[in-house]
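> Whatever this is, show me its structure:
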Amino acid sequence: MQSTIYALVDCNNFFVSCERVFNPKLQNRPVVVLSNNDGCAVARSNEAKALGFAMGEPLFKMQDLIRKHNVAVLSSNFALYGDLSARVMNIISNSMPAVEIYSIDEAFINLSAMQESYDLYKVCVALGEKIEKCTGIPVSIGIAPTRTLAKLANNLAKKQQRKNQQLGNRVCYLDTAQKIAELLTQSKVRDVWGIGRQLQKKLQAMSVDTAAQLAGLSSEFVKRNFNSMVARTINELNGIASIELRDNTHGKQQIMISRSFGHRLTNLAEIQEALATYTSMACEKLRQQGSVAGGCYVFLQTGLHGAEGTVYRNSHYVTFASASNDTRVIMQYAKQELIKLFRSGYRYQKVGIILSDL
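Down below sits the predicted model:
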């Protein structure tokens with residue numbers, strides 16, 4: 001019986017990498033991207049991480065470090081990020097079989113059918129190089145027998161890259177039992193996919209601090225103390241593929257729907273009609289994975305290139321009064337945000353929505 005092999009492709013510091021594509025002067029400089037209301041950090045370059053900038057840290061707490069180290073501080077631009085995400089995912093989908101887009105910057109690939117005929121390491125190195133060449137976005141790739149192990153392999157690939165900036169695209173392949181055992185010993189339970197803060201605290205109270213200790217829990221102990229999701233995660237750590245992305249416990253973190261128009265649009269009503277269609281599609285995906293959204297990003301843009309005064313792109317995030325997967329409710333929010341974004345006099349190419357805080 002053929003064993004399973006999965007790869008996780010993850011864009012490195014995605015929002016920062018997107019900004020660097022269009023502003024090369026940001027290369028090798030500490031960069032922080034802020035949330036839509038410029039309140040806190042939502043992305044940091046490796047240089048910014050090394051200086052101590054933390055994810056979610058409020059802007060006012062970062063001012064001294066920003067001035068001291070000449071840190072570039074940018075507002076988020078979800079129109080740009082959505083466009084580059086679509087390009088990256090198109091390359092992956094057109095290059096590889098059985099692709100599962102997980103979030104705006106992550107995709108799983110089921111490589112099981114390829115393992116007997118291809119060198120999977122070389123295949124993934126070539127894929128990473130192709131993505132960076134075509135989009136400018138560097139990626140890390142983890143390869144392992146299960147999705148959960150592929151996530152851990154991807155984390156290791158990123159750590160290796162941060163230690164050596166010259167490595168470029170990194171691929172970590174857990175192709176032996178020894179490599180898997182070593183990584184599980186080195187990884188904390190908080191690093192394991194699906195282990196949230198509350199579950200982490202419960203495990204640590206039971207003296208379970210590492211992924212290896214979690215993987216070693218007996219089935220009887222797990223049945224007495226945890227739910228089926230934890231049992232499946234432990235199976236995955238032991239190399240038994242047990243999680244499908246359609247499972248509600250590991251649904252997508254964000255859902256994005258956007259399309260380029262067949263021709264440029266100038267009329268708000270036509271753009272609203274397109275956004276309504278995309279919102280309906282996104283809400284259907286949301287309900288299929290058994291989730292609700294706490295808010296959404298709406299983005300609108302012309303073409304990215306053109307004469308001065310003809311290029312416009314903008315985005316905005318809105319928090320819902322209460323989490324919802326009701327198309328009518330979310331569509332109303334999306335419509336209000338689009339009205340705020342729309343500027344007359346432009347020929348628009350794309351509109352889209354990202355359901356977030358799932």
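> residues near Ala269, how many?
7 (other C-beta atoms under 10 Å). (Each C-beta comes from the backbone N, C-alpha and C, glycine too.)
> check which helix or strand covers it.
With elements taken from DSSP states H and E, the one containing Ala269 is helix 268-288.
> what's the offset of the host helix or strand of Ser322 from the middle of its chain?
Element membership for Ser322 (DSSP H and E) is strand 313-324. Centroid separation between strand 313-324 and its chain, computed with C-alpha atoms, centre = their mean, to the nearest Å, is 18 Å.
> quick one, that strand and helix 268-288 angle?
On the basis of axes from the mean of the first three to the mean of the last three C-alpha atoms, to 10 degrees, strand 313-324 is oriented at 40 degrees to helix 268-288.
> what residues does strand 313-324 touch?
35-37, 76-80, 292-302, 304, 329-330, 333, 336-337, 340-341, 356-357 (C-beta atoms under 8 Å, 6 or more residues apart in numbering).
> repeat that for 7 Å
36, 77-80, 292-302, 330, 333, 337, 340-341 (C-beta atoms under 7 Å, 6 or more residues apart in numbering).
> and what of stretch 231-241?
4, 145-149, 180, 184, 192, 194, 211, 214-215, 217, 222, 242-243.
> From Gln200, how far out is Thr210?
12 Å (C-beta to C-beta, to the nearest Å).
> What mean pLDDT does the helix or strand containing Arg67 get?
Using DSSP H and E, Arg67 sits in helix 63-69. Taken as a whole, helix 63-69 carries a mean pLDDT of 92.
> about what we covered before: and for Thr210 and Gln200, which residues touch both?
Joint contacts of Thr210 and Gln200 (C-beta under 7 Å, 6+ apart) are Val189.
> related to what we said a few turns ago, just the buried ones from the contacts of strand 313-324, in PyMOL syntax?
The buried residues among the contacts of strand 313-324 can be selected in PyMOL (16 or more other C-beta atoms under 10 Å) with this line:
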select buried, resi 36+77+78+79+80+292+293+295+296+297+298+299+300+301+302+330+333+337+341
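> Just the ones of the contacts of strand 313-324 in helices?
Phe78, Ala79, Leu80, Ile330, Tyr333, Glu337, Lys340, Leu341 (DSSP state H).
> For the fifth one, list the residues it contacts.
Meaning Tyr333. Cys296, Val318, Phe320.
> the strands in the stretch 151-300 of the chain, which residues?
With DSSP state E, counting those that start in this stretch, the ranges of strands along the stretch 151-300 of the chain come out as 170-173, 255-265, 293-301.
> And for the stretch 1-150 of the chain?
With strands called from DSSP E, counting those that start in this stretch, the stretch 1-150 of the chain shows them at 6-11, 31-34, 41-44, 72-75, 99-103, 106-110, 139-144.
> Buried residues, the fourth one. List them.
Judged by neighbour count using 16+ other C-beta under 10 Å, the buried positions of strand 72-75 are Ala72, Val73, Leu74.
> Could you spell out the sheet neighbours of it, each with its direction?
strand 31-34 (parallel) (DSSP bridges).
> How about the contacts made by Tyr98?
Not Tyr; residue 98 is Ala. Contacts of Ala98 by C-beta under 7 Å, 6+ apart are Ile109, Asn110.
> Need phi/psi at it.
Dihedral angles of Ala98 (phi, psi; degrees, to the nearest 10) stand at phi 50, psi 60.
> any idea how far it is from Ser17?
Computed with C-beta to C-beta, the distance linking Ala98 and Ser17 is 25 Å.
> ok, now Ser280?
Taking C-beta to C-beta, one finds Ser280 at 31 Å from Ser17.
> And the two? Which one has more around it.
Neighbour count, other C-beta under 10 Å: between Ser280 and Ser17, Ser17 has more, with 24 against 15.
> Show the contacting residues for the more buried one.
Cys11, Ile137, Pro138.
> quick one: which of those is nearest Leu265?
Ile137 (27.7 Å; C-beta to C-beta).
> which ones are touching the most centrally placed residue in the chain?
For the chain, the residue nearest the mean C-alpha position is Asp105 (3.5 Å; C-alpha atoms, centre = their mean). Contacts for Asp105 (C-beta under 7 Å, 6+ apart) come out as Asp10, Cys11, Phe14, Ser85.
> and if we set it to 10 Å?
9-15, 17-18, 43, 81, 84-85, 88-89, 137, 139, 253-254 (C-beta atoms under 10 Å, 6 or more residues apart in numbering).
> go on, Gly136?
Contacts of Gly136 (C-beta under 10 Å, 6+ apart): Ser17, Cys18, Arg20, Val21, Phe22, Pro24, Leu84, Arg87.
> again, only using 7 Å
Val21.
> How about Ile109, nearest residue that isn't a chain neighbour?
Ala7 (4.4 Å; C-beta to C-beta, 6 or more residues apart in numbering).
> Check the burial of that neighbour by counting its neighbours.
27.
> Quick check: it touching Glu106?
No: between Ala7 and Glu106 there is no contact under C-beta atoms under 7 Å: 11.0 Å.
> Look at the residue lying closest to Ile180 once chain neighbours are set aside and say how many residues are nearby.
Spatial nearest neighbour of Ile180, excluding adjacent residues (C-beta to C-beta, 6+ apart): Leu174 at 5.0 Å. Close neighbours of Leu174, defined as other C-beta under 10 Å, add up to 24.
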